[in-house]
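Peer 1: pasted the sequence and its predicted model underneath.
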Amino acid sequence: MEPWIDLGSSADWINLGYVFSAALFIFGLKKLGHPRTAPTGNLYGAMGMLVAVITTVLQMGFTTGIEWVLIAGGILLGGGIGYLMAARVEMTGMPELVALFNGFGGAASALVALSETWRWLEDTSTVPDGLALQVTVLAAGLSALVGWVTLTGSILAMYKLKGGVEIFGKWIRTPTWGPSWLNIVKVGMLVAVFVLIVMQLGDPTNTTYLWGVIGLSCLLGVVLVLPIGGADMPVVVSLLNSLSGIAAAFTGFIIGNSVLIVAGSLVGASGLILTFIMCKAMNRTLANVLFTSFGGTDKETVTRTKVGSDADEVAMMIDGAQKVIIVPGYGMAVSQCQHQVKEFADLVAEKYDTEVKYAIHPVAGRMPGHMNVLLAEANVPYEQLIEMDEINSEFPEADVALVIGANDTTNPAARTDEGPLAGMPILDVDLARTVVVIKRSLSVGYAGVDNDVFYMDKTMMLFGDGKKMMTELNNAIKES
């Protein structure tokens, strides 16, 4: 029977489709480098994937209607689920969604690799010979390793970002546990996986080795993420994103799909670059993140006290300020007060003719770019979002540094050579003439280190929920 659309032999058209898809991926990745062009870059990436899917489906040359129905049904079902999840998630839940999608991407690649090796069991004549066999088995093993590690690691990372899981109406907090001997277990499991892959090279149809790789990889993903604390989550999310791309590239080698190799390599490389940027921003190596927990349970006990201020006092102090730098942190995300922050910036700019800028720390929040996404949702102008390296020199000129829920990223303890924050680049809010901190309490951050900024004479503390405090401050400014 002739296929409905005969493009299977039209190699030139197929290659052209893949080249066009790869070009869209590359242009999309370039656009993602700036918040203003990021939505366009995301659209380019989605279009590139659509072109790749259509090209691949047409290349298959299906001969029956039921095959087209299954493919169309899968696309509609997956697209519908993805749309509903993206449309319903709150901006504060975006890190969890990204982590989950990373896991799904890794699992999809691993399942494709698994289906290819299963095909050998049904028809041994399809087993490649010589070097082709070795490359395919090695790629399938590596795809399984990276893919399943990404899935289980991402699911655990999602629950760590969420803080826990609700089971039968009871909230169970996600544990962070990692004794030193666990690192030996990680290395041993990784070595065992590679041994199984080598053993399968000699017997490619042996399913015992394959299931062993899958089982150990799933367990390794959990063990790898389990000791990692919340402060390192931006690094973990970007690393898992990279791993999902690497798994896709390995799968591309297995099925001989060039666009999958290109797309996977782009995601893998960009994710690794972002991972190292995050590590640099925290003055930590990747090995340190993966094998040493950050902060831990031995947190400092807060023994000092600080008298809180009220919104009217802060409003009076801001009156006449020539320059205000806003420092958003995860507390802003939790309280979802980005719109009130934007209102505050508009109020002081209009009423007092004040220059307002936002200082963005690379690891503020729970994923790379978390603060940028939240503020962009509130229509904050992109030119007001200034990265740490550029804004730090302006703090001594600022009349007010308004800190909203940020802790470790503003802690001067990072300038010392001791403690978990030692050497980490921070935002120099303590150099501003006056510091206003909106925070629920004086509790320490993820690193477990008390913040001296809270106790400075020039610091005014607004204790309470971010949205409530910002609303009160805005009302006080309006009435002043």
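Peer 2: Arrived safely.

Peer 1: for the strand or helix carrying Met158, give the mean pLDDT please.
Peer 2: Using DSSP states H and E, Met158 sits in helix 130-162. Per-residue pLDDT over helix 130-162 has a mean of 85.

Peer 1: for that helix, packing partners?
Peer 2: Packed against helix 130-162 by the contact rule (3 or more C-beta pairs under 8 Å, 6 or more residues apart in numbering; DSSP states H and E) you find helix 94-122, helix 182-202, helix 207-225, helix 233-255. For the C-beta atoms, the positions are set from N, CA and C on the backbone; glycine is no exception.

Peer 1: contacting residues for the residue nearest the centre of the chain?
Peer 2: For the chain, the residue nearest the mean C-alpha position is Val237 (3.6 Å; C-alpha atoms, centre = their mean). Counting by C-beta atoms under 8 Å, 6 or more residues apart in numbering, Val237 makes contact with Pro95, Val98, Ala99, Asn102, Ala157, Leu161, Arg366, Met367, Pro368.

Peer 1: any idea how far Asn407 is from it?
Peer 2: Per C-beta to C-beta, to the nearest Å, Val237 is found 19 Å from Asn407.

Peer 1: returning to what we had before: dump the helices and strands packed on helix 130-162 into JSON lines; add mean pLDDT and distance to Leu286 as well.
Peer 2: Output for those, formatted as JSON lines (pLDDT from 0 to 100; distance: least, C-beta to C-beta, whole Å):
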{"stretch": "helix 94-122", "mean pLDDT": "82", "distance to Leu286": "17"}
{"stretch": "helix 182-202", "mean pLDDT": "91", "distance to Leu286": "14"}
{"stretch": "helix 207-225", "mean pLDDT": "91", "distance to Leu286": "12"}
{"stretch": "helix 233-255", "mean pLDDT": "86", "distance to Leu286": "7"}
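
Peer 1: need the winner for burial among those.
Peer 2: Mean neighbours per residue, mean count of other C-beta atoms under 10 Å, is largest over those for helix 233-255, with a mean of 26.

Peer 1: Asp408 contacts Ala447, correct?
Peer 2: Yes: if you go by C-beta atoms under 8 Å, Asp408 and Ala447 touch, sitting 4.8 Å apart.

Peer 1: correct me if wrong: Gln340 contacts Ile477.
Peer 2: No: the criterion here is C-beta under 8 Å, and Gln340 misses it with Ile477 at 11.5 Å.

Peer 1: which helix or strand lies directly C-terminal to the helix or strand Val267 falls within?
Peer 2: If you go by DSSP H and E, Val267 is part of helix 258-281. Downstream of helix 258-281, the first helix or strand assigned by DSSP H and E is helix 286-291.

Peer 1: just how off-centre is that following helix within its chain?
Peer 2: The chain centre lies 17 Å from the centre of helix 286-291; the measure is C-alpha atoms, centre = their mean, to the nearest Å.

Peer 1: mind listing what's buried along it?
Peer 2: Buried residues in helix 286-291, counted by 16 or more other C-beta atoms under 10 Å: Val289, Leu290, Phe291.

Peer 1: mind exporting that helix as CSV, just the C-alpha atoms?
Peer 2: The C-alpha trace of helix 286-291 is given here as CSV (Å, rounded to 0.1, in the frame of the first residue of the first chain):
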residue,chain,number,x,y,z
LEU,A,286,29.9,21.7,40.5
ALA,A,287,31.5,18.9,42.4
ASN,A,288,31.1,20.8,45.6
VAL,A,289,27.4,21.2,44.8
LEU,A,290,26.8,17.6,44.0
PHE,A,291,28.9,16.1,46.8
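
Peer 1: just checking, what packs against that helix?
Peer 2: helix 233-255, helix 258-281.

Peer 1: against Lys323, how distant is Asp312?
Peer 2: Separation of Asp312 from Lys323 (C-beta to C-beta) stands at 22 Å.

Peer 1: next one: Ser109
Peer 2: Separation of Ser109 from Lys323 (C-beta to C-beta): 49 Å.

Peer 1: could you say what helices and strands whichever strand or helix holds Met371 packs with?
Peer 2: Secondary structure from DSSP H and E places Met371 in helix 370-377. Applying 3+ C-beta pairs under 8 Å, 6+ apart, we find helix 370-377 packed against helix 94-122, strand 323-328, helix 330-335, helix 338-352, strand 355-360, strand 385-387.

Peer 1: what about the fourth one, distance to the chain center?
Peer 2: Between the centre of helix 338-352 and the centre of its chain there are 29 Å (C-alpha atoms, centre = their mean).

Peer 1: got it, and the shortest one?
Peer 2: Between the centre of strand 385-387 and the centre of its host chain there is 19 Å, according to C-alpha atoms, centre = their mean.

Peer 1: what sits up against that strand?
Peer 2: Residues contacting strand 385-387 (C-beta under 8 Å, 6+ apart): Pro35, Lys357, Tyr358, Ala359, Ile360, Pro362, Met371, Asn372, Leu375, Glu394.

Peer 1: and that strand, which residues are buried?
Peer 2: Using 16+ other C-beta under 10 Å as the test for burial, strand 385-387 gives Leu385.

Peer 1: give me the sheet partners of it and which way each runs.
Peer 2: Strand pairing for strand 385-387, using DSSP bridges, gives strand 355-360 (parallel).

Peer 1: quick one: closest of the helices and strands packed on helix 370-377 to Val195.
Peer 2: helix 94-122 (17.7 Å; C-beta to C-beta).

Peer 1: other SSEs contacting the closest one?
Peer 2: The criterion is 3+ C-beta pairs under 8 Å, 6+ apart, and the helices and strands that helix 94-122 contacts are helix 130-162, helix 207-225, helix 233-255, helix 370-377.

Peer 1: hmm, try it at 7 Å
Peer 2: If you count contacts as 3 or more C-beta pairs under 7 Å, 6 or more residues apart in numbering; DSSP states H and E, helix 94-122 packs onto helix 130-162, helix 233-255.

Peer 1: will you turn these into a markdown table that also has distance to Leu16?
Peer 2: Supplementary listing: these in a markdown table, determined by distance: least, C-beta to C-beta, whole Å:
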| stretch | distance to Leu16 |
| --- | --- |
| helix 130-162 | 26 |
| helix 233-255 | 18 |
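
Peer 1: mind checking which of those is nearest Phe27?
Peer 2: Among these, helix 233-255 sits nearest to Phe27 (C-beta to C-beta), with 17.1 Å.

Peer 1: how far off helix 94-122 does that closest one point, in degrees?
Peer 2: Computed by axes from the mean of the first three to the mean of the last three C-alpha atoms, to 10 degrees, the angle separating helix 233-255 from helix 94-122 equals 20 degrees.

Peer 1: tell me how far helix 233-255 lies from the chain's centre.
Peer 2: On C-alpha atoms, centre = their mean, the centre of helix 233-255 falls 13 Å from the chain's centre.

Peer 1: got it, and stretch 143-150?
Peer 2: What separates the centre of stretch 143-150 from the centre of its chain is 18 Å, taken as C-alpha atoms, centre = their mean.
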